[in-house]
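Student: A predicted structure for the sequence below; I have some questions about it.
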Amino acid sequence: MSLIAELKQRKLVQWMLAYATGAWLLLQVIGLIGAQFNWAPGVMRGITIAAGVGFFVALLLAWYHGERGAQKVSGTELLLLAMLLAIGAGLLWKFAPGQPAVTTAAAVPVAAQPAAPAEAPPAPAASQKSIAVLAFVDLSSTKDQEYFSDGIAEEILNALAQVKGLKVAGRTSAFSFKGRNVDLREIGKALGVANILEGSVRKQGDKVRITAQLIQTSDGSHLWSKTFDGELSDVFELQEKIARSITDQLQVVLEGEQKSRLVPIATSSTEAYALYLRATAIFDRRDGPRMAESVQQLQQAIALDPNYARAYSRLAAVSWVQPIFTGSDPAMAFQQSRAHAHRATELDPRLAEPWAVLGLAASAESGAGMLQAREYFDKALLLEPDDVTSNFWYGLTLIRSGYTQAGVARIEHALAVDPLVPNVMRWRGVIHLRAGETDRAEPYLKRAYASGLAIAARELSEIAVLRGDASAARPLWTEGSAALLVRTPPGFDEAVAAALFGSSTADRQRGLAAIDAYVAAKPVNIASVIPLWIAQLGEGARALEVERTLVKTDNSDFMAYLFSASGKWVRALPEFPGYLVAKGFPALWDRYGAPDVCRKAASGAYACD
């Protein structure tokens, strides 16, 4: 019998048409159901492949059990049929359109394997009531008014950040795109906002022109654009008009005093305001060599307007950080910082910054000072819960007193508000590193270093050692430590670097001798990182003594180490309980509970693991 006659007799053509028609109708129905219930693409793809495999099964069944149903299928034939179907289904799944080839984990280096699923869910769409205020462009003919254009943008940003229901990207993150030719839609994605305010400032004499435009990041369309002209004395009114135009455009509901005023009139002196902006530009960049200049500018601003609360507040903050960069007497600087902060709160109790400065100042004191610090920081965050500086400083204060988890929560909140602040990124990496989580620490530290924060190279040097690359570690450490070693004797950094990264006992002894000589000279402002290096060189008891008796500025580096997994061996030393008592930690822990790695014994003393 011919093949055609055989196909007709077994009615294979009818079977083929009937199956194809039925399968097509079934796929249409399933497609509608899948769309309705949002089935994953893989489900629909699997059903389609199954239907294709079923087509061949139908043909085989028709061949054996069609019109001549007397044919029987043997066990061997069934086994061969099952194997063929399995192989065919596997090939279809692998090579079907849209399916990636299967790669085993063993074929991919460990470092290259993604930590998250390959098909991570897309980021949620940004709320329409969200905005980033980019740094305004300085269009002045002399190009020397950048501090002024930055200040205008920052004032508007700060005013909008106080509006309930409006998400505003943090200053550092928004200003990080300054001078970069980045598509606004990409900026919107990076900052998680639906709108962007960009603008320019032209200042000539007493005349000011501000051009601002509100842009929708989804498609780059302009929602609003306008030019504002006025005198320098009108600068707060110009900022008010811009801020109010934005809230009107975004249809944000204003509450309380915001109904009548968004941008406060900080001072009646335009000259004092200009000085404040100049000093703030230095402070924001942590421009160490110019910190003294920043202090002088703020003092001049206060002389022009003795009631300028924000100038007092910023002077308090600058005075606090100045000894870290300049080597000035910490005791004098901190006394002035407290005085300026108290004056700022008297003039304007609604400012969060001076309360945070008072918290820092109090935390530097033993015993009752640490208790008072918590109260000051709570006050600051009550006024401005999303203030990045207050959250960050409070986080470090908690970490310094053993409450690492609570401190990390504050730091992570600061990063949620402003994710690209270099020193906040660095500190999140430091805490991971001290906990032994090197792989989680490295991305934070690298981002901080790439943003221009040289000090992050210090921790990157530690990671380089852990990775077995000692040759890369030493130059990184030298770069990261340079700003802290400007007041140390010649050759000090080389001796300490050799001790930390060398392999000989002689190197270690020379490094410790250099540190001992430096400490014995009793500098007015000892580098606060010295106790950490002493501990890393194996002298735990000596590190505790130096920190307790000599360090007068920020001791966060050592304290974060001390209360972490890295410092467990120091906590096991017989000198540690006495150190805790001398620092006044028990009183703090009695009030707020035992810290993460300690517990209170029946005797009333604290034992730390």
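Tutor: Thanks, I have the structure now. Because the structure is predicted, anything quoted here is derived from the model rather than measured. Numbers count the residues shown, from 1 in each chain.

Student: going forward, measure contacts and count neighbours with C-alpha atoms only.
Tutor: OK.

Student: tell me which helix or strand Val321 sits in.
Tutor: When elements are assigned from DSSP states H and E, Val321 belongs to helix 309-326.

Student: could you check how far the nearest residue to Tyr449 once chain neighbours are set aside is from Pro523?
Tutor: Taking C-alpha to C-alpha, 6 or more residues apart in numbering as the measure, Tyr449 lies nearest to Ala456, with 5.3 Å between them; neighbours along the chain are not counted. Between Ala456 and Pro523 the computed distance is 25 Å (C-alpha to C-alpha, to the nearest Å).

Student: and what of Lys379?
Tutor: Taking C-alpha to C-alpha as the measure, Lys379 and Pro523 are separated by 35 Å.

Student: who has more neighbours out of the two?
Tutor: In this comparison of Lys379 against Pro523, neighbours counted by other C-alpha atoms under 10 Å, the higher total goes to Lys379 at 20 against 14.

Student: where's the more buried one, which helix or strand?
Tutor: Secondary structure assignment for Lys379, by DSSP H and E: helix 368-383.

Student: can you give me the offset of that helix from its chain's centre?
Tutor: On the basis of C-alpha atoms, centre = their mean, to the nearest Å, helix 368-383 sits 23 Å off its chain's mean C-alpha point.

Student: cool, stretch 555-566 as well?
Tutor: Mean C-alpha position of stretch 555-566 versus that of the full chain (C-alpha atoms, centre = their mean) differs by 20 Å.

Student: in it, what's buried?
Tutor: Along stretch 555-566, the positions that meet the burial threshold by neighbour count (16 or more other C-alpha atoms under 10 Å) are 555-566.

Student: which pair in those has the greatest spatial separation?
Tutor: Largest separation among the buried residues of stretch 555-566 by C-alpha to C-alpha: Asn555 and Ala565, giving 17.7 Å.

Student: skip ahead from the helix or strand of the chain with the lowest mean pLDDT and say which helix or strand is next.
Tutor: Of the helices and strands making up the chain, the lowest-confidence element is helix 75-95, at a mean of 48, by mean pLDDT, DSSP states H and E. Helices and strands here follow DSSP H and E; after helix 75-95, the next one along the chain is strand 130-133.

Student: ok, back up a step: now intersect the buried residues of stretch 555-566 with the strands, please.
Tutor: Within the buried residues of stretch 555-566, no residue falls in strands by DSSP state E.

Student: just how off-centre is the helix or strand Ser471 falls within within its chain?
Tutor: Assigning secondary structure by DSSP H and E places Ser471 in helix 470-481. Going by C-alpha atoms, centre = their mean, the spacing between the C-alpha centre of helix 470-481 and its chain's C-alpha centre is 24 Å.

Student: okay if I get the buried residues of stretch 555-566 as JSON lines plus pLDDT?
Tutor: Below are the buried residues of stretch 555-566 laid out as JSON lines (pLDDT from 0 to 100):
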{"residue": "Asn555", "pLDDT": "88"}
{"residue": "Ser556", "pLDDT": "92"}
{"residue": "Asp557", "pLDDT": "95"}
{"residue": "Phe558", "pLDDT": "96"}
{"residue": "Met559", "pLDDT": "96"}
{"residue": "Ala560", "pLDDT": "96"}
{"residue": "Tyr561", "pLDDT": "97"}
{"residue": "Leu562", "pLDDT": "97"}
{"residue": "Phe563", "pLDDT": "97"}
{"residue": "Ser564", "pLDDT": "97"}
{"residue": "Ala565", "pLDDT": "96"}
{"residue": "Ser566", "pLDDT": "96"}
